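S.K.: Quick one, fold the following:
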Amino acid sequence: MDDERTEAMVASQILNKDDPTLLTWREIKDSYGSCTNFMQCNGLKPWNPEDIEMAVSISRTFKTQGVEEDDD
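M.R.: As a prediction, the model looks like this:
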């Protein structure tokens, strides 16, 4: 799978602008450069469905931590 298709597939799974519990595209882009890099930086394989589920879980955890840090 080429890089653009991989990125599009991963983004479609881990981004949801209507879900405030997930990191936004901008948050991922600013910190990791891309959704694919977000997964790889967390030791996950973008082509593995279980790893995509884990990426969503990690995204929620990071979002929650960020919200708590902002509230201090």
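S.K.: quick one: average pLDDT of the longest helix seen in the chain?
M.R.: For the chain, the longest helix by residue count, based on DSSP state H, is helix 49-71. Per-residue pLDDT values across helix 49-71 average out to 85.
S.K.: How about stretch 26-34?
M.R.: 96.
S.K.: going on from the helix or strand harbouring Glu4, what's the next piece of helix or strand?
M.R.: In this assignment (DSSP states H and E), Glu4 forms part of helix 3-14. Sequence order places helix 25-32 as the next helix or strand after helix 3-14, per DSSP H and E.
S.K.: Packing partners of whichever helix or strand comes after that next one?
M.R.: Per DSSP H and E, the first helix or strand lying C-terminal to helix 25-32 is helix 35-41. When contacts are defined as 3 or more Cβ pairs under 8 Å, 6 or more residues apart in numbering; DSSP states H and E, helix 35-41 packs onto helix 3-14, helix 25-32, helix 49-71. Any C-beta I mention is one placed from the backbone N, CA and C, and that applies to glycine too.
S.K.: Just the buried residues of the shortest one, please?
M.R.: This means helix 25-32. 27-28, 32 (16 or more other Cβ atoms under 10 Å).
S.K.: Same check on stretch 17-26?
M.R.: Within stretch 17-26, judged by 16+ other Cβ under 10 Å, the buried ones are 22-23.
S.K.: Could you do stretch 55-64 as well?
M.R.: Buried, per 16+ other Cβ under 10 Å, within stretch 55-64: 55-56, 58-59, 62-63.
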